[in-house]
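>>> Structure for the following, please:
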Amino acid sequence: VIHDDQGRILLLKRSASLDPSRSTVGMWSNPGGEVDFGETVEQAAVREAHEELGIEIALERAIGHSDQILPQSGLHWHLVAFLARIDRGEPRICEPDKFDDLRWFPIDRLPENCGYHHVVVPLQQLGWIPEAEALRRAGQARES
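Here you go, the predicted model:
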């Protein structure tokens, strides 16, 4: 969760051309990805922000973790979320094959089509989204 001093978070919109069995196609999400062999989750978070957004981030703290299970594709993702700020650079889409858009959103005006496990759960773990709002979004989530 990359945030700024204006109470906003930075989200990427996943491309509609991605494999729907592996991704939250067309949904807004935090930057992130898989951990490479020999890498810590912290190193992976920093690397993914650089690969996807062309920025260097400073991790402030771990937020929490959750599991996303996709029965239709047989995938089980274990997501680890961090709170971070931009340390250097201006965010831009560096992987246009994976992302269609990039925007800062105020916490109280998140898009309806944001990933539940990728966005809503970490924000609830931070206490930035009320439980009732998280439950409402869970009921309409397209993800498992």
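
>>> Can you list the buried residues in the helix or strand harbouring I69?
Assigned by DSSP states H and E, I69 belongs to strand 56-70. Neighbour counts over strand 56-70 (16 or more other C-beta atoms under 10 Å) mark I57, L59, I63, S66, Q68, L70 as buried. Any C-beta I mention is one placed from the backbone N, CA and C, and that applies to glycine too.

>>> what's the lowest-pLDDT member of the residues you listed?
When the buried residues of strand 56-70 are compared on pLDDT, L70 comes out lowest, with 74.

>>> What helices and strands are in contact with the lowest-mean-pLDDT helix or strand in the chain?
Every helix and strand of the chain was ranked by mean pLDDT, DSSP states H and E. The lowest is helix 131-140, at a mean of 81. In this structure, helix 131-140 packs against helix 121-126, with contacts taken as 3 or more C-beta pairs under 8 Å, 6 or more residues apart in numbering; DSSP states H and E.
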